[in-house]
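J.: I would like to see how this sequence folds:
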Amino acid sequence: MSRSTFERIVSRAMAALAVAASCVIPLAWAADPSAALLGSPVRNAKDQAQDASRKPLELLKFAQVKPGMQVLDVASGGGYTAQVLALAVGPTGKVWAQVAKPSPALEARLAANPQPNLVILNQPFETLLPADAPRVDLITLILSYHDIANTPVDRAKMNKAMFDALKPGGHLVLIDHATKPGAGTSVTSTLHRIDEKTVRDEVTAAGFRVEADSDAWRNPADPREEHWSKMTIPTDHFALRFVKPQ
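T.: Residues are numbered from 1 along each chain as shown. Predicted coordinates for the structure are as follows:
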């Protein structure tokens, strides 16, 4: 076989492999694009270590996140959830990561890996989204309602602010550490848990309607008697999806 013939064969084989790859990669993304986004290089090792317990794919499914959505992540903290949401809504969407006071961890996250569609919003809980900002499709409040209950925040005003920030038909997804029924807010500062019924009652009082709940984060083995951070098993979480009526 001549050198030129060998080179032509190799060239054709490489071209065939390139075509095959171009078919396989889009099919993988089409099959589960949200699973692929968890491997994004902007996500750090600490985030990925939390994925097993925080279940971001289940969150994206339960919240019905789609590309192009406008999202407000309330009490963003270090930005774990906000970053996942920004990856999921893509370049045509936008995520506002709300913090009531500056968050060095969130600022460091974006300094290390800037995302044009993820914006820090320093705003009080009682107002949340400035009046001149566009209304959003989705609000998320993950594992922080009990913390807010330990502050002087007027939760009725905050819940009304979330209601007003949403478009009609928009959703609020709220997940938190569950306590025993009837506990109300009595253990929010000791066990850092909150009663699901209390959350339902307070949020629906602002005009929301409960649309769905999820067992994805439930753990019946949790006695709900310990601080969530001291647990050796996953904490029992309730997950609620509220809707702003049309």
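
J.: next SSE after the longest strand along the chain?
T.: The longest strand of the chain (DSSP state E) is strand 166-177. Going down the chain from strand 166-177, the next helix or strand is helix 196-204, by DSSP states H and E.

J.: now the strands for this structure?
T.: Taking DSSP E as the criterion, the chain carries its strands at 70-74, 94-99, 118-122, 136-142, 166-177, 209-214, 237-243.

J.: so what does the fourth one touch, helix or strand wise?
T.: Put plainly, it is strand 136-142. Applying 3 or more C-beta pairs under 8 Å, 6 or more residues apart in numbering; DSSP states H and E, one finds that strand 136-142 contacts strand 70-74, helix 80-89, helix 155-165, strand 166-177. C-beta here means a position set from N, CA and C on the backbone, and glycine is covered the same way.

J.: make it 10 Å
T.: helix 56-62, strand 70-74, helix 80-89, strand 94-99, helix 155-165, strand 166-177, strand 237-243 (3 or more C-beta pairs under 10 Å, 6 or more residues apart in numbering; DSSP states H and E).

J.: what do you get for the second one?
T.: With contacts taken as 3+ C-beta pairs under 10 Å, 6+ apart, strand 94-99 sits against strand 70-74, helix 80-89, helix 104-112, strand 118-122, strand 136-142.

J.: what about the fourth one, average pLDDT?
T.: Averaging the model's pLDDT scores along strand 118-122 yields 97.

J.: same thing with the last one?
T.: Mean pLDDT, taken over the full extent of strand 136-142, equals 98.

J.: for the longest one, same thing?
T.: Helix 80-89 shows an average pLDDT of 97 in the prediction.
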